[in-house]
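Engineer: Return atomic coordinates for the entry below.
(chains A and B)
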Amino acid sequence: MHRRTFLLTAAGGLLAGATGLPRLARAADRPFTFTSWGGALSNAEKAAFIDPFGQLKGIPVVNTSPTETAKIKAMVQAKAVEWDLVDVGGRTVWQGAGEGFLEPVDVSKIPNAAALDKGWVAPNGIATSTGATIMAWSKTAFPDAGPQSWADFWDVKRFPGPRGLYRFFYYNYEAALLASGLKREEVFPYTTEKADMAMAKIKELKPHVSVWWGSGAQPPQLLSSGELALSSAWSGRVLAAEAEGAPVGFTYKDGIAWANWWVIPKGSPNVDLAHQAIDFALAEAQQAKLLDLKTYGPVLSAATSGADAETKKILVMAPDNIKDMLILNEGEANKYSIAYEEKWNQLMLQ
Amino acid sequence: MSRRHVETACLLGPALVVLALLFVVPLARLFSLAFTDPAGPFATFGVLAESAVYRQVMWNTFVVAVIVTALCVLLAWPVAYVLSRLEGVWFGLALYGVLFPFWISVLVRTFSWMLLLERNGPINRLLMATGITEASLALLFNNVGVLVGMIHVLLPYMILPLYGAMVRIDRRLLLASDGLGASLADTFRRIYLPLCVPGLAGGATFVFLLSLGFFITPALLGGSNAITLSMLIASFVNDRLAWSLAAAGSLALLAIVLVLMALTARLLPIERGLFAR
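Structural biologist: Numbers count the residues shown, from 1 in each chain, chains lettered A, B, ... in the order given. Below is the predicted model of the structure:
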């Protein structure tokens, strides 16, 4: 190719790119796209849910990561939705409901949702796998036994050492209220008295908290290196670290159970397919495939029955575990997060 | 239009088009978001003005930037001086020593600092083994960690302009000052220092402005009270989805920076340091 021809072609391509491409990307002929957190969870969702769903339907599917709420909002605003089904944290489901960037979920198209615990179905999203925010500790600091309740976690005499807690009011509201002696069923709905009580309780522990972690990889890493003695942590990350031989202990007792939620960005050209994919993922056979993941578990409690004794210990929805745990009410959590953001940040800056 | 003007326009054209399309337009769109709050065009600025958190974070950010700049000047001065006196292989080695960190990603360097500074890390172990400290020091997740990390990243931005100013100083001026009977301190104060000022001002401006926008280092090495403005803005965007607030916060920062720059430019010959000839 002559240099001149090449330049002309390139210029033409640029022009086409500037004018035509955004429209092309919007066309419905791109494959069905699922976006999740990356890592072990994404791999499990790809293998257990998305790829088999594509084969069943005979359609091409694409698995991408990482998921990002701000990106969903931007795609919807720009009317260029590239994701059809997205795995998000619970807060996003309620933010999306408030700001209108998520499609409503039509439960009549998802018969399998009827078997779920009520807390796992929301107007704009459905939970498909579960995890928890649990207490974890360094086995070097506490070789025998670590804290067994949030009250223990707050007890700096019996369990001395630097602590880690989550960077936002999320999880800490629940942990602090349980540590204050509230019963699990009293934690929600949130009231200003309860939130103030939780803030005071956290302020009390703050001198002993040396890390306010923001990413899930931090607690297991900081506990194994001895930077922290005990910390709140996401169960999946602790289990993954434990499997690699990290000296980290944990308990599900008093844990705060939550889910990974699937949502459909508003304006996705594949809303129907997305509903079918959710229904497919909630079938017992598919849910049971999550057992092999050994980090995040099924959301369907019936799917935990087939697990062996070892696996049952790490499943949030196994009856022996969930009876000692609090299920996070994401709608309420979104309310107190917004209402107390300024006060929380002030506490952090002190 | 003369031939020279056409040439200038042609040479500048591509850069201007790229800048306008990829920088000015998106920036204008971002800032226009600040005025789109449903509560009124200036509601976001009201929210920021009333927020004690925003004021405190703004203050923190400037304090950290000033301290980082001051420490960078102190640390860069001797290095730049030695660089300006070295020749041949030694100069090459020293210069690569300064430039080498540039080629390693900030993220990698920040994570390396985490490993070095942690409670049971090599620095604490060394301090305890030599008996300098009894217990391990908290070097991570507080302002010590932030300062160490930021200074490490920003030091070359101070050293290079300072070196540029020092190497251009005519050494005969110093000899003349000496010959006329000035003391060493006098020569430094009246001859050497004034000639270094353009480089100093240029480097300090680079470091200060870059410090204001730092994100990764304070986010990873800092504690909960080491929140910087860029972290707060990121939280507005990602966690709170309050984009108009994020835009207003960025606009306010830009405005403050521009005012500061204008004031500094009147006092110091910054442009001579930034565009060294």
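
Engineer: ok, which stretches of the stretch 151-300 of chain A are strands?
Structural biologist: A:163-166, A:209-213, A:230-234, A:248-263, A:297-298 (DSSP state E, counting those that start in this stretch).

Engineer: so does the fourth one get close to chain B?
Structural biologist: No: in terms of CB under 8 Å from any CB of the partner chain, no part of strand A:248-263 sits within range of chain B; the closest distance is 14.0 Å. C-beta here means a position set from N, CA and C on the backbone, and glycine is covered the same way.

Engineer: Spit out the contact partners of the nearest residue to residue A:161 once chain neighbours are set aside.
Structural biologist: Sequence neighbours aside, residue A:229 is the residue nearest to residue A:161 in space, at 2.6 Å (criterion: CB to CB, 6 or more residues apart in numbering or on different chains). By CB atoms under 8 Å, 6 or more residues apart in numbering or on different chains, the contact set of residue A:229 is A:137, A:138, A:141, A:142, A:159, A:160, A:161, A:162, A:163, A:223.

Engineer: Can you tell me which helix or strand of chain B has the lowest average pLDDT?
Structural biologist: Using mean pLDDT, DSSP states H and E, helix B:270-274 stands out as the lowest-scoring helix or strand of chain B, at a mean of 59.

Engineer: just checking, residue A:268 touches residue A:275?
Structural biologist: No: Residue A:268 lies out of contact with residue A:275 (CB atoms under 8 Å); the separation is 10.7 Å.

Engineer: Look at those two and report which has more neighbours.
Structural biologist: Neighbour comparison, residue A:268 and residue A:275: the larger count goes to residue A:268, with 24 against 20 (by other CB atoms under 10 Å in any protein chain shown).

Engineer: Tell me the spacing between that one and chain B.
Structural biologist: 19 Å (CB to the nearest CB, to the nearest Å).

Engineer: returning to what we had before: so for residue A:83, which of the strands of the stretch 151-300 of chain A sits nearest?
Structural biologist: Evaluated over these, closeness to residue A:83 peaks at strand A:248-263, with 9.4 Å, by CB to CB.

Engineer: Looking at the helix or strand where residue B:244 lies now, give me its mean pLDDT.
Structural biologist: In the assignment (DSSP states H and E), residue B:244 maps to helix B:243-267. For helix B:243-267, mean pLDDT rounds to 88.

Engineer: what about that helix, distance to the chain center?
Structural biologist: Put simply, helix B:243-267 sits 15 Å off its chain's centre (CA atoms, centre = their mean, to the nearest Å).

Engineer: Mind listing what's buried along it?
Structural biologist: For helix B:243-267, a neighbour-count test (16 or more other CB atoms under 10 Å in any protein chain shown) marks B:243, B:244, B:245, B:246, B:247, B:248, B:249, B:250, B:251, B:252, B:253 as buried.

Engineer: give me the subset of the residues you listed touching chain A.
Structural biologist: By CB under 8 Å from any CB, the members of these lying near chain A are residue B:243.

Engineer: How about residues contacting the strand or helix carrying residue B:207?
Structural biologist: Here residue B:207 sits within helix B:193-212, counting by DSSP H and E. Applying CB under 8 Å, 6+ apart, the set of residues contacting helix B:193-212 from outside is B:61-62, B:64-66, B:68-69, B:72-73, B:76, B:80, B:150, B:154, B:157-166, B:168-169, B:173, B:229-230, B:253, B:257, B:261, B:264, B:268-270, B:272-274, B:276.

Engineer: Output stretch A:252-265 in PDB with nothing but the alpha carbons.
Structural biologist: Extracted C-alpha coordinates of stretch A:252-265, given in PDB (Å, rounded to 0.1, in the frame of the first residue of the first chain):
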ATOM      1  CA  TYR A 252     -19.100 -17.000  61.000                       C
ATOM      2  CA  LYS A 253     -20.700 -16.300  64.400                       C
ATOM      3  CA  ASP A 254     -22.200 -12.900  64.500                       C
ATOM      4  CA  GLY A 255     -21.300 -12.500  60.900                       C
ATOM      5  CA  ILE A 256     -23.200 -10.100  58.600                       C
ATOM      6  CA  ALA A 257     -24.600 -12.000  55.700                       C
ATOM      7  CA  TRP A 258     -25.000 -10.300  52.300                       C
ATOM      8  CA  ALA A 259     -25.300 -11.200  48.700                       C
ATOM      9  CA  ASN A 260     -23.900 -10.500  45.300                       C
ATOM     10  CA  TRP A 261     -26.700  -9.000  43.400                       C
ATOM     11  CA  TRP A 262     -27.500  -9.200  39.700                       C
ATOM     12  CA  VAL A 263     -29.000  -6.100  38.000                       C
ATOM     13  CA  ILE A 264     -29.900  -5.100  34.500                       C
ATOM     14  CA  PRO A 265     -28.800  -1.600  33.300                       C
END
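
Engineer: Which positions in stretch A:197-213 come out as buried?
Structural biologist: A:197, A:198, A:199, A:201, A:202, A:205, A:208, A:209, A:210, A:211, A:212, A:213.

Engineer: show me the contacts for the first one.
Structural biologist: Residues in contact with residue A:197, defined by CB under 8 Å, 6+ apart, are A:176, A:177, A:180.

Engineer: What backbone torsions are found at residue B:149?
Structural biologist: Per-residue torsions, residue B:149: phi -60, psi -40 (degrees, to the nearest 10).

Engineer: Not counting its neighbours along the chain, what's nearest it?
Structural biologist: residue B:217 (4.1 Å).

Engineer: Contacts only, for the one you found.
Structural biologist: Residues counted as contacts of residue B:217 (CB under 8 Å, 6+ apart) are B:106, B:110, B:146, B:149, B:150, B:153.

Engineer: Please identify which of those residues is nearest to residue A:240.
Structural biologist: Using CB to CB, residue B:110 is the member of the contacts of residue B:217 that lies nearest residue A:240, at 22.9 Å.

Engineer: isn't that closest one right up against residue B:149?
Structural biologist: Yes: using CB under 8 Å, residue B:110 is in contact with residue B:149, at 5.5 Å.

Engineer: Please give the element, helix or strand, for the residue of the stretch 151-277 of chain B found nearest chain A.
Structural biologist: Residue nearest to chain A within the stretch 151-277 of chain B (CB to the nearest CB): residue B:224, separated by 4.1 Å. Assigned by DSSP H and E, residue B:224 falls within no helix or strand.
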